[in-house]
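Visitor: Provided below are the primary sequence and the corresponding predicted coordinates.
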Amino acid sequence: GESVGLHLPTLSVQEGDNSIINCAYSNSASDYFIWYKQESGKGPQFIIDIRSNMDKRQGQRVTVLLNKTVKHLSLQIAATQPGDSAVYFCAEIPFSTGANSKLTFGKGITLSVRP
Amino acid sequence: NAGVMQNPRHLVRRRGQEARLRCSPMKGHSHVYWYRQLPEEGLKFMVYLQKENIIDESGMPKERFSAEFPKEGPSILRIQQVVRGDSAAYFCASSPRLAETQYFGPGTRLLVL
């Protein structure tokens, strides 16, 4: 799979390949990060989260990596399936500053899975 | 365990009318958040409420928009005298406690003619 940043809005991968979706965040005070998946006409669906005291967290077929040094977050999807086609958003909250109610979302990347 | 419920799913209003959007949080969740999503953009925070209290409304437009979360019943986002620029998808999220994962509803798509 290809690795793209949020400035490239579309990622196309072959079914069965691994996908890597990247996100650069700007608020160095952010300490909680979430990846959401949004299918057309639906609300964002929680995929996986990670707190700033970790650099990696694994779920079912998904892995989130956090690099606080360069303020970079990535979502890896193993064996990408057609059902993974959606828009993916990273979101962050700076809990430690007290502004802990607002999720700040990135602009999103469209993942398109080719059969 | 039902997820976050929102209604209506689609709402059409003419300019100058009022729009009322309702949100029922997940069972056991007392924290509600409203977000707005313009076409092909990410979600933007509007307001955060707990039962009977507005905690953070820093993302709400100063005029025409209001939100409430009464002791009984759903949270309501109210838009008075709607304009075409209010056309968007409005999403509600809930969490059981502050600083925990927010789970989203299906959204209300508002179209202002």
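Guide: Perfect, thanks for sending it.
Visitor: Please name the bridge partners of the closest residue to A:Q45 other than its chain neighbours.
Guide: Leaving aside its sequence neighbours, A:Q45 sits nearest to A:K37 (C-beta to C-beta, 6 or more residues apart in numbering or on different chains; 4.9 Å). C-beta: built from backbone N, CA, C; applies to glycine. According to DSSP bridges, the residues that bridge with A:K37 are A:Q45, A:Y88.
Visitor: Next up, the contacts around A:K37.
Guide: A:P44, A:Q45, A:I47, A:D84, A:A86, A:V87, A:Y88 (C-beta atoms under 8 Å, 6 or more residues apart in numbering or on different chains).
Visitor: which of these are buried?
Guide: Listed as buried from these are A:P44, A:I47, A:D84, A:A86, A:V87, A:Y88; burial here means 16 or more other C-beta atoms under 10 Å in any protein chain shown.
Visitor: got JSON lines for the residues you listed, with pLDDT too?
Guide: Below are the buried ones among the contacts of A:K37 laid out as JSON lines (pLDDT from 0 to 100):
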{"residue": "A:P44", "pLDDT": "93"}
{"residue": "A:I47", "pLDDT": "96"}
{"residue": "A:D84", "pLDDT": "96"}
{"residue": "A:A86", "pLDDT": "95"}
{"residue": "A:V87", "pLDDT": "93"}
{"residue": "A:Y88", "pLDDT": "95"}
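Visitor: Closest to chain B out of these?
Guide: Nearest to chain B among these: A:P44, at 4.6 Å, using C-beta to the nearest C-beta.
Visitor: ok, the closest one touching B:C92?
Guide: No - applying C-beta atoms under 8 Å as the test, A:P44 and B:C92 come out as separate, 11.2 Å apart.
Visitor: what touches both of the two?
Guide: Going by C-beta under 8 Å, 6+ apart, residues that sit against A:P44 and also against B:C92 are B:F104.
Visitor: which non-adjacent residue is nearest the residue nearest the centre of chain B?
Guide: Computing the C-alpha centroid of chain B and ranking residues by C-alpha atoms, centre = their mean puts B:W34 first, at 3.8 Å. Residue nearest to B:W34 in three dimensions, not counting chain neighbours: B:M46, with 4.4 Å by C-beta to C-beta, 6+ apart.
Visitor: Give me the pLDDT value at the one you found.
Guide: On pLDDT, B:M46 comes in at 96.
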